[in-house]
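Engineer: 3D model of this:
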Amino acid sequence: MKIIKVLGSGCGKCATVDQVVKEVIAENNFDAQVEKVEDIQKIMEYNVMSTPALVIDEKLVLTGKVPTKDEVKALLVDNFANNACCSDENLDSSCCSSEENESGCC
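Structural biologist: Here you go, the predicted structure:
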C-alpha cells in the first residue's frame with residue numbers, strides 16, 4: 001500500500017489537493033492511504049517552502065500548486081508502476097504500455 005501525504009496548513013488549496021487525491025484513488029482503485037500533514041515542523045522536514053505539497057512513500061513529488069486529476073493520476077501511476085504488473089487495467093498509461101517494455105511488467 002502506498003502512503004500519500006498531503007502537506008499544508010489546512011487552507012482551501014490544501015483541502016482541494018486532499019480531495020482530488022482521494023477521488024483519483026477511488027476512481028482508479030489504487031491501494032493507497034492518504035494522510036494530511038498540517039504540522040509546520042513536519043512539513044519543513046520535507047524542505048517544502050510552498051504548500052500544498054504531495055509526498056508519495058516519503059518522496060516529495062509536487063509543491064506549490066493544486067494538481068488536476070490527470071496530474072495526480074500520472075504521479076500515482078508512475079509510483080505504482082514500479083511495483084505493479086501490467087495486467088491491471090488501471091495502469092494502461094504507465095511504462096507497461098510502452099514498446100520498450102517487452103516483459104509485460106514494469
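
Engineer: the helix or strand bottoming out on mean pLDDT in the chain packs against which elements?
Structural biologist: Sorting the helices and strands of the chain by mean pLDDT, DSSP states H and E puts helix 69-81 at the bottom, at a mean of 88. Judged by 3 or more Cβ pairs under 8 Å, 6 or more residues apart in numbering; DSSP states H and E, helix 69-81 is in contact with strand 2-7, helix 12-28, strand 53-56, strand 59-63. In short, each C-beta sits where N, CA and C put it, glycine included.

Engineer: looking at these, which is closest to Lys73?
Structural biologist: Among the helices and strands packed on helix 69-81, the nearest to Lys73 by Cβ to Cβ is helix 12-28 (5.2 Å).

Engineer: list the buried ones in that closest one?
Structural biologist: Cys14, Val17, Asp18, Val20, Val21, Val24, Ile25, Asn28 (16 or more other Cβ atoms under 10 Å).

Engineer: give me the next element, helix or strand, following it.
Structural biologist: Next helix or strand after helix 12-28 toward the C-terminus (DSSP states H and E): strand 32-37.

Engineer: can you list the strands that that following strand pairs with?
Structural biologist: strand 2-7 (parallel) (DSSP bridges).

Engineer: list the contacts for the residue positioned nearest the centre of the chain?
Structural biologist: For the chain, the residue nearest the mean C-alpha position is Leu76 (4.3 Å; Cα atoms, centre = their mean). By Cβ atoms under 8 Å, 6 or more residues apart in numbering, the contact list for Leu76 reads Lys2, Ile4, Val24, Ile25, Asn28, Phe30, Ala32, Ile56.

Engineer: show me what the residue lying closest to Lys5 once chain neighbours are set aside bridges to in the sheet.
Structural biologist: In space, and not counting its chain neighbours, Lys5 is closest to Val55: 4.1 Å by Cβ to Cβ, 6 or more residues apart in numbering. On the basis of DSSP bridges, Val55 is bridged to Lys5, Leu60.

Engineer: residues contacting Val55?
Structural biologist: With Cβ under 8 Å, 6+ apart, Val55 has these contacts: Ile4, Lys5, Leu7, Val37, Tyr46, Val61.

Engineer: and the furthest pair within those?
Structural biologist: Most distant of the contacts of Val55, by Cβ to Cβ, are Val37 and Val61, 14.0 Å apart.
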